[in-house]
Every structure is written in C-alpha cells, then in structure tokens.
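S.K.: next one to model:
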Amino acid sequence: MPNPELYEEVILETEERMSKTTHRLEDDFRGIRTGRATPALVDNLRVDYYGSMTPLSQMATISVPEPRMIVIKPFDASALKEIEKAILKSELGINPSNDGKIIRLNLPPLSEEQRKRLAARVRELGEEARVALRNTRRDAIKQADTGRKDGDLTDDSCEGLKNDIQEIIKKAEARIDQVVKAKTDEIMSV
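M.R.: Coordinates of the predicted model:
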C-alpha cells in the first residue's frame, strides 16, 4: 500500500537539510575578513574563559566606531588577556591593542595577495557546501528508492520525487553560487 506521507517527508527533510547547508555557509562567510570592519569578524571567536571556550559575543560588547576599527569592551576586565590571545590565534591576522579596559582592532587594508587568498577560501567553502548538498541529494534519492522497493511509493511517484529533489538542489546550488559570488566581489573590491 503506497504511503503518500513518505513523499512529503522526504521533500521536507531534503529542503531543511539543504537550507541548513546554505545558512551555515552564510554564517561562515560572516567571519571572513573583507576591506571593512564588522562585528561578525570576531563574534564567534572562542575565548578560554575560566576553562570554558566561550564565544566572544557572550563576553563583550563589540562595536565598529570607524570603518576600519573594531572595539571590544569585555564585561569582565580580567578576560582582556584571554581575548587578546584568542584574537592572536585566530586567522584574522590582526594585532590587538589593549589599553587595560578595551581592545582595539585596526584593520589594515588587504593586499592583493591576501584578497586572492581569501577569495580562494570563499570558493573552497562554497565547494564544501555543494558537496554537502550532493550528499543530501544522494540520501534523499536512496530514501525514494527504498520507498519504491518497500511499496511505499509507486514507480511514478518515486520518479516524481527524484525530479522534485533535483529541483530543490538546483535552487540551493544557485543560492550558494550567488552567496559565493557576492562574498568574492566584496573581498576583491578595494
């Protein structure tokens, strides 16, 4: 006896997983440096705070008073040294200046070589996201084939499900291409 809920279940699960993949990529891109300062560069930086790795955004106020400066004001001044260590260990390549109360990060302009390296990293992350989408598609198609074999899907509904899965991945890949291009353009613009 065919199970019409399986069709919808596979579609919803596939859309959800692909959506999570694109959102994760967008979050990863927020932490990649461009020519402008943004709090997102340091928001998710993990700081060793009394033995616990804590996101910087939970430990400090982060502001951007100037286009090329980030100011970090910790809620607990004793955490300044640990925040500094985390910034130095990060891939930002910025030396923090600490006045005892706040940390200033002056972002120097990116060199052409740095821009190319960051753009390559963006493309690499985009490709990793595409691989995740393909894995999701593979799993969904496997579910469709199993549903056909178990009698939960007819041959026609199985083929229709596979076509719908293909349409979902096309949309998700287009979104990834769009996000990668936008971030690359942002990095390469002077």
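
S.K.: C-alpha coordinates for the least confident helix or strand in the chain by mean pLDDT, CSV please?
M.R.: Least confident helix or strand of the chain, by mean pLDDT, DSSP states H and E, is helix 40-43 with a mean of 80. Extracted in CSV, the C-alpha atoms of helix 40-43 (Å, rounded to 0.1, in the frame of the first residue of the first chain):
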residue,chain,number,x,y,z
ALA,A,40,30.8,39.4,12.7
LEU,A,41,34.5,39.1,12.2
VAL,A,42,35.0,38.4,15.9
ASP,A,43,31.5,37.4,17.2
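
S.K.: so what does it touch, helix or strand wise?
M.R.: Identification of packing neighbours for helix 40-43 by 3 or more CB pairs under 8 Å, 6 or more residues apart in numbering; DSSP states H and E yields helix 4-30, strand 69-74. Yep, even glycine has a C-beta here, placed from its N, CA and C like the rest.

S.K.: measure how far the last one is from the centre of its chain, please.
M.R.: Pointing back at strand 69-74 there. Relative to the mean C-alpha coordinate of its chain, strand 69-74 is positioned 23 Å out (CA atoms, centre = their mean, to the nearest Å).

S.K.: next structured bit after that strand?
M.R.: Following the chain from strand 69-74 toward its C-terminal end, the next helix or strand by DSSP states H and E is helix 80-89.
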